[in-house]
Each structure stands twice: as C-alpha cells, then as structure tokens.
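Visitor: missing the sequence, but the structure's below:
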C-alpha cells in the first residue's frame, strides 16, 4: 500500500520536474507549414540552415487544405511563421480572411503581376502543371489516355488511385478546373464529368505516400497529380512513374508562399522567403527538385533541359471563379458524387 | 476566553452548514462547467446557427435523403459498431471459456499473451495491421511470392479491415471480465442444478450464462461506444463515411458548423449508450453466496489433440505478437526503400540514433510524457477530491455531478477535440481570458477532460472498499481534517488512485484522435508524429516512434499490474 503511494508521489514529482524543464526554451526557430514533397524539404532545410546559422527550421508537412484550416484555427494564436506552398485559390482565400501579412520582397520589382498578390500578401514561387500520372511498368504508350475525356472510358475502369481530395490542394484544384472547363461557373456538366470519373476511381488514398505506394505496387495504374511531385518520385525515389500531358491543355497552378499574419518569428520568415527566391536556389531546385520557377528572371537557356523540353499548353481558367466556388463544389462532390458511381 | 468561544462559534457551524459542501465543491463545479459542459454547449449552439441566425440547415443537410452521405456515415458507424461488438464478443468470450474450462499444453502461454493487444495504441495498432495484412502487406505478398501466385491471395481492406483491427484491439474488454467471472463463479450452483436433474445445456443456459450477463452487457456497451468513437481504423482503411471521419473532413473543408452538427449527433448516440449502460449496471447482480471455489478445468487428452493444441496455441500467440514484431522490424528499416519487396530490403539503426540524439526527434516523446503527466496530475487532484466528496458526503445534486464527471468518458475524442476548439478559440473566463487554440495548453486540457473519469471511477471503487469509520476514528483521536485525510484516507485509496492515474497515462501516451485536431508544432505528441512520418514516407522513423510508444505503454501497464497485486495483499 505504501509502495503505491510512493510510486504516485514519484510520478507526480517527475511530472513537475519535466514540465518545469520544458519552460526553458532557447534558439530561434522558424516554423514552416508546407505541402511540399519531403525531398524538397530535406533538400532546402540544410542549405538554409547553413546560410542562416542563427535560424533553425521546424517544418510541419501537411496537405495544403489542412494547412489553410490550421492557420485559420490558429488565427488568434498563430503558431506558424511561413506558408511554403499552397494553391493560388487557397492563398486568395487566406488573403481575404486576413491570415497573411504583407511583405515586399527585394525581388518584387520585376516580378510578373499575374503570379503575385497586388497587396504583396503572397508571391508565386513555382508553376505546377497538373497532369496524368501512370505506372510505366504496367502501361505502355498505346494504353495511355491522350486527353482528359479519355479518362472516362471503359478501358480505365478501376484504374485510378486518387489522393483523398478534400485535404489536398492539388486535387481540389484539379477537380475544380475540370468543373470550370466543362461549364464555367455552372457546375452541373462538371459534376457529370466527375461522376463518370468517380466510377473509374478505384480508391481514394489517405495521403500522397499512400497513393504513390498503391500506384507503384499496381493496385491502380493511373492518377492525377502535379508534375513536380511525379518527377521527384520518378527520379529521386526511383519509382516507376511517368506522366501524360493532356492535349487540350493542363491547369497550371501558381504555387505560392507567404508570411502568416502575426508570425512570432517574422524576421526568420522573411529570411527564408528571400532565400527561396535567390537565383541559385531557384536554379538548384529546378534542376534537382523539378520546380518550374514562376518568376521568369532566369534566361531560358540557363534553365535545366527538362524544362526547355517541356511543351505545356495552359488550360484557360479564371482562377477567381475557382477561388470563389471551390468549397461549395468540393462539398457537393464529397456529399453527392464521391464513391457513388 | 471570550476569544476562544467566538472562534468555536464561528468555526464549527460554517463547516457544518448544508451549503458549505458546495463551497468546497466549487472548484470541481468550475472544472466540469468550464471544460465539459461549456464546450459541449458551444458545439450544440454552433450546430443550430448559420451566419449568426438560428437555422436547421445543417441538420437538413445531414438528413437529406438525396445525398445520403451523412446518413450513410451514421449507418456505417452503427453497422461497424454492432459488428465489432459481435466479433469481439465471440472472440473474447470464446477465449475466456477455452482458457478457463480446459487444461491443455500451451494454455499458460496463451493466457499470458492474451492481454497483449492492450499494449497496442490505436494508431500504431491499425498501421501494423495494414503493414501485415493490407493488400500490399507482408503476409499476403509473402504468400504470393512463396506460391508464385499472380495476385495476392487475400487482403484486409475496407470495412472488414476496420472490423479485424477492432476485434484485435477490443476483444479484451470481453475476455477479461468474462474470464474473471468464470474464475469466481460459484460452481456449487452448477452442481446443485445438475443434482436437481438439469441437463448440461440447461445448466449452461439457465445457471452459468445468467451469471455472466452483467459482465457481457457491460462489455457490449463499452465496445459499442469505443467503436462509434473509432477514428484511426477508418482512417487507415480509408472508410471516409463514418461519423468521426466526416467530422474531421467537414473541418478540413472549413465547414465548422457542419462538424458541430455531426459532433452533436455522434455525442447524442454515445451518451444514449452511456445512460443505458449505467442504468443496467445497478439492476442485475448475480453475486454468489460463497466465494467461488477453484473452477475445475477439463484436461485435454490424447497425444494428437495435445499436439494440436500446442500448435494452435503457438499460432495464436504468434498472431497476437505479430503486430508488435512488425513494428519493431520496420523501425530498423531504411526510409523510402521499401516499396514492392515482401520485407523491407535495407536495415539501419539510424532512426533510434536520431531519436535519442536529436532534440527535435525526441520532442514528441517528451511532449507526450509531459502532457499526459500534467493531465494525470490534474486528474489525481480533481478525481480524488470529487471521489472523496461523492463517496463520503451526502448532498443534493450528487447524482448529477457523478453523471457529469463520467460524461467525457462516453464522448468520442473527435467530439472532445471539436468542442474544445469551439469553446477556446475566443477568450473565456475558463481559459482565464486567453485564447487556448493554437497553444500548448489545449492538449493537456483535452487529456485531462478525457481521462478524469478513469481516476474518478477507480478512486470511487477504492473508497467503496474502505471503511469511513477509519477517518472518523482519526478525527476522534484528535487529528484535524488535513491530517486525517493525508495520513489515513489517502493511503487507504492510493492503490485505486494510482491505477486510475496510470490508466490515464496509458491513454494519454497513445492518444491520437483529439490530438490530431488540437496539436501545434510545439506540442506534437507521439501519435501525431507517427502520422506525420507516415505521411512523408518515412515508415522507419514512424515505427521507431511506435516501438517507443508500445514500450512506454507496456511499462506503465506492468507498473499498474504490480500495484494491483499490492492492493490485493494490502491490509483492508
């Protein structure tokens, strides 16, 4: 009996001790919320920490939509400093809701106006073409779809593994673009397209890793995803992935960055901001991490060969319509289309 | 002299006046009101207001028969829960009967390992099953490779996956009470029944089974409630259409009002079952007249059958241990290398080196420990105080306070998480004028709320076993209240307090469901770290965390076992 009392006192003492110890914090950390691929994070982090030894990066890796929701919930008590990556639609929404803080970076002068916020709340870091992804071991050239509408055919029944849509900025954008491309701001035809596509979707994966694994292991053979992450998986992780650029054009997403309003370490966030846009880093990321820089200040012949070879036709999309309707469309899709066809 | 009289006149009456008890209880009321009732009411309120005006729009959407999404989620949750109860009931009671009625080689080992699933926290448990039996799992692909099949022979997925994980992790809720009931059963009743001419079936159906009903009913309700609240298994197996998943999806989509409406429905179902369960508890009680004599176990005879039981027990033990083995194995595998092979191809010690040398890797472990210990400390203070007053004093409103303390126990973690977000994303008096969402404090508060019932219940049980006259004797011998409480009352119930607190710690260290909604980058607990690593394709690191988590839980459970032994031999 006494022993148990002693154990109890001991546990309590430990609790007090550790909680006391935890109050002593040091070092200036910059907290980054990001939807970037792990490989990109691991590539950039050491480079930045060497260049700016006074900062340590703390990176939280989530889906772009989950990040938006987190920043929203933490509005009064911001825990993050810097938003690294997220769709244009998400950044427009965040800007409207006052979640971002304005900053005019040193490179602002010759930055293309289409890829930034007029009030300097966000700047586009990279261009993300959204394409069709496939398993190169399972499908040959002849089996491949040529365009978006081919995806609805009988031939691709249960062939698609799609990353869970609601949490993923990439997937939300692709689906919204499909709706927009089918009928502008009237979603009915787009819903019909998504219904047929849902019928060909075998499974919705919980996270990108899960989707990659399922495609690699041929549980499904096709997916929709962004070009950069496909290239990273293909080359850095040696996965059997390839991509198809649909003939009628692809949604080219501006993937942006911004400083979170009320950031605790705004100086650190600014340092990281500037660092990401230095020409050397942009070029290094273009070469090693397959990023297409949004800012066209690098001469075309300096860009890595793969970008020079890339023939992209942008789908004609009014991004403000997408920003405005995305939530309604996605709620409808989740409640009325997903898994019902 | 006059002074003393004055003193006496003032002192005694206040403490004896009937309202004084409420003054003493006020901190407990404050905690219940602030951290249980107020957040729940917030969720309830939010579900009825759209843009500031009263509306039933969310409920209309939920019960909208054209989309059916939410109705289907409710249906799936109920369906999974009912099937989980049936599966757990069959496995748990079956195993209890097997182990308590038969003597066979391998029995002892099987009995020792039968409680292993209790050491498996929910997230890592579900992940291990996916690694083992999923469509790309080790066993199906191993069989495919060995027999040269063109496709995997079987794979756990969808609802059947959820059910297997539920059965594995929850059959102990049937197994433990049923085997205890069987051990303590009064065999003389059965003998009497047979003596009076009852057939074996009649003895089983009319004597033995009724004696087990209370424990089986309690387990049924418990498993049902936990299944309703289950989030990790549907998450891993991709069953989006359950209430818990829909709540999180609504929130991700920025639709907090809908999340509140769905939470309200889930909370109502859970509370309904809590009410039934508590009503049932008092009603049926078949305690035997004599303390049970040792049950006679039938010996299994015949060399062949005995060999068969050895093999069977071995397989069963293996099955029980495999999830833990696989987590340990993968914790040594290199990240990102394991794709199409049956087993991870490259092994390394790096994950453990990182965990113990780099502060950022160690942080989630430290966080989990600090936050669960802080919550447990709070639980001990409030749980013991509440249990003391509830067991030793009579006052109006006792029943309500008891139900309120037990309420969070029936609430799914998702609901607790959502309700704390709704309540504390604005400054309130309960958060001392601060906004708690996005801070370190919100998670320990969540753990505190969720695990208070555990300490309270086990302390109440200890109070029920001790004699109130001990305290009175101490007071009569001149001890003041403090001395009497700390030197007489507290030591007598310490066993119950400690086992409740440790159970709370076990839950805290394994907590995922509320944590994933409330964590910040500075307060990330182990389970969320595991989820993050899984997201980033770092299975090795995830499993290294998992291994440490299992080890922590196992150590805590062992301490709790020791304490139980302690109590039994104690001088009560």
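Guide: Arrived safely, thanks for sending. Given the structure is predicted, the values throughout are model-derived calculations rather than measurements. Residues are numbered from 1 along each chain as shown, chains lettered A, B, ... in the order given.
Visitor: how many other residues sit next to residue B:304?
Guide: Taking other Cβ atoms under 10 Å in any protein chain shown as the neighbour definition, residue B:304 ends up with a count of 7. C-beta coordinates here come from the backbone N, C-alpha and C atoms, glycine included.
Visitor: residue B:107 versus that one, what's the distance?
Guide: Here the criterion is Cβ to Cβ, to the nearest Å. By it, residue B:304 lies 17 Å from residue B:107.
Visitor: close to chain A: what parts of the stretch 151-300 of chain B are there?
Guide: Taking Cβ under 8 Å from any Cβ of the partner chain as the test, the list of the stretch 151-300 of chain B residues beside chain A reads B:235, B:236, B:238, B:240, B:241, B:249, B:251, B:252, B:253, B:254, B:255.
Visitor: and residue A:128, that one's in a strand?
Guide: Yes. Under DSSP: H, G, I helix; E, B strand; the rest coil, residue A:128 falls within a strand.
Visitor: may I have the beta-bridge partners of it?
Guide: Beta-bridge partners of residue A:128, counted by DSSP bridges, are residue A:253.
Visitor: got the contact list for it?
Guide: By Cβ atoms under 8 Å, 6 or more residues apart in numbering or on different chains, residue A:128 lies in contact with A:170, A:226, A:227, A:228, A:252, A:253, A:254, A:255, A:292.
Visitor: what about 10 Å?
Guide: For residue A:128, the contacting residues are A:85, A:87-88, A:169-170, A:173, A:225-229, A:250-255, A:291-292, A:294, by Cβ atoms under 10 Å, 6 or more residues apart in numbering or on different chains.
Visitor: count the residues that sit near residue 221.
Guide: I'll assume chain A. Residue neighbour count, defined by other Cβ under 10 Å, stands at 21 for residue A:221.
Visitor: please go with chain B instead
Guide: For residue B:221, the number of neighbouring residues by other Cβ under 10 Å comes to 19.
Visitor: against residue B:93, how distant is it?
Guide: Noted for residue B:221: a distance of 15 Å to residue B:93, by Cβ to Cβ.
Visitor: how about the helices in chain A?
Guide: For chain A, the helices defined by DSSP state H cover A:2-22, A:38-51, A:64-73, A:88-96, A:169-183, A:188-200, A:208-216, A:227-231, A:266-276, A:279-288, A:305-309, A:319-332.
Visitor: pLDDT weak spots in chain A?
Guide: A:1-27 (pLDDT under 70).
Visitor: same thing but 80
Guide: Across chain A, residues meeting the criterion (pLDDT under 80) sit at A:1-27, A:63, A:184-185, A:217, A:236-238, A:296-298, A:300, A:341.
Visitor: how is it carved up into domains?
Guide: The record, using automatic domain parsing to delimit domains, assigns chain A the ranges A:28-127+A:253-308, A:128-252+A:314-337.
Visitor: try chain B
Guide: In the assignment given by automatic domain parsing, the structural domains of chain B cover B:18-49+B:350-567, B:56-330.
Visitor: among those, which is the most enclosed?
Guide: For those, the stretch with the most neighbours on average is domain B:18-49+B:350-567, a mean of 20; neighbours defined as mean count of other Cβ atoms under 10 Å in any protein chain shown.
Visitor: okay, residue B:14: pLDDT?
Guide: Confidence per residue is given as pLDDT, and for residue B:14 that number is 64.
Visitor: and the residue of the stretch 251-400 of chain B nearest chain A?
Guide: residue B:373 (3.5 Å; Cβ to the nearest Cβ).
Visitor: if we can go back for a sec, a markdown table please, covering the helices of chain A and showing mean neighbour count and distance to residue B:378.
Guide: Shown next, in a markdown table, are these (neighbours: other Cβ atoms under 10 Å in any protein chain shown; distance: least, Cβ to Cβ, whole Å):
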| stretch | mean neighbour count | distance to residue B:378 |
| --- | --- | --- |
| helix A:2-22 | 15 | 10 |
| helix A:38-51 | 16 | 37 |
| helix A:64-73 | 23 | 24 |
| helix A:88-96 | 22 | 36 |
| helix A:169-183 | 23 | 39 |
| helix A:188-200 | 18 | 47 |
| helix A:208-216 | 23 | 37 |
| helix A:227-231 | 22 | 44 |
| helix A:266-276 | 19 | 34 |
| helix A:279-288 | 16 | 47 |
| helix A:305-309 | 11 | 57 |
| helix A:319-332 | 18 | 39 |
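Visitor: columns distance to chain B on top of these, output as CSV?
Guide: Putting the helices of chain A into CSV (distance: least, Cβ to the nearest Cβ, whole Å) gives the following:
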stretch, distance to chain B
helix A:2-22, 3
helix A:38-51, 4
helix A:64-73, 5
helix A:88-96, 8
helix A:169-183, 9
helix A:188-200, 12
helix A:208-216, 4
helix A:227-231, 11
helix A:266-276, 14
helix A:279-288, 16
helix A:305-309, 22
helix A:319-332, 6
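Visitor: residue B:394: which of those helices is closest?
Guide: helix A:2-22 (27.8 Å; Cβ to Cβ).
Visitor: stretch A:236-256: which residues count as buried?
Guide: In terms of neighbour count (16 or more other Cβ atoms under 10 Å in any protein chain shown), stretch A:236-256 has its buried residues at A:236-237, A:239-246, A:249-256.
Visitor: again, but for stretch B:339-351
Guide: For stretch B:339-351, a neighbour-count test (16+ other Cβ under 10 Å) marks B:339, B:342, B:344, B:351 as buried.
Visitor: pretty sure residue B:444 is touching residue B:420, no?
Guide: No. Contact status for residue B:444 versus residue B:420: not in contact, 11.1 Å apart, counting by Cβ atoms under 10 Å.
Visitor: which of the residues of the stretch 151-300 of chain B next to chain A fall in helices?
Guide: Reading helices off those with DSSP H, I get B:235, B:236, B:249, B:251, B:252.
Visitor: grab the nearest non-local neighbour of the closest residue to chain A within the stretch 101-250 of chain B.
Guide: Closest to chain A within the stretch 101-250 of chain B is residue B:136: 4.7 Å, counting by Cβ to the nearest Cβ. In this structure, residue B:136 finds its nearest non-sequential neighbour in residue A:217, 4.7 Å apart by Cβ to Cβ, 6 or more residues apart in numbering or on different chains.
Visitor: related to what we said a few turns ago, which pair of the buried residues of stretch B:339-351 spans the longest distance?
Guide: Those two in those that are separated most widely, counting by Cβ to Cβ, are B:342 and B:351, at 20.9 Å.
Visitor: check contacts around residue 117.
Guide: Going with chain A. A:88, A:91, A:92, A:94, A:95, A:100, A:102, A:123, A:124, A:256, A:258.
Visitor: let me rephrase: I mean chain B.
Guide: Neighbouring residues of residue B:117 by Cβ under 10 Å, 6+ apart: B:125, B:165, B:167, B:168, B:169, B:170, B:171, B:172, B:175, B:320, B:323, B:324.
Visitor: hang on, the last one is in a strand, isn't it?
Guide: Just to be clear, that refers to residue B:324. No. The assignment for residue B:324 (three-state DSSP) gives helix, which keeps it out of a strand.
Visitor: how far does stretch B:235-254 sit from its chain's centre?
Guide: Averaged C-alpha coordinates place stretch B:235-254 at 21 Å from its chain's average position (Cα atoms, centre = their mean, to the nearest Å).
Visitor: now swap in stretch B:214-231 and tell me
Guide: On the basis of Cα atoms, centre = their mean, stretch B:214-231 sits 10 Å off its chain's mean C-alpha point.
Visitor: average pLDDT for that stretch?
Guide: Along stretch B:214-231, the predicted confidence averages to a pLDDT of 87.
Visitor: next: stretch B:364-374.
Guide: On average, stretch B:364-374 scores 92.
Visitor: stretch B:169-182 now?
Guide: Taken as a whole, stretch B:169-182 has a mean pLDDT of 88.
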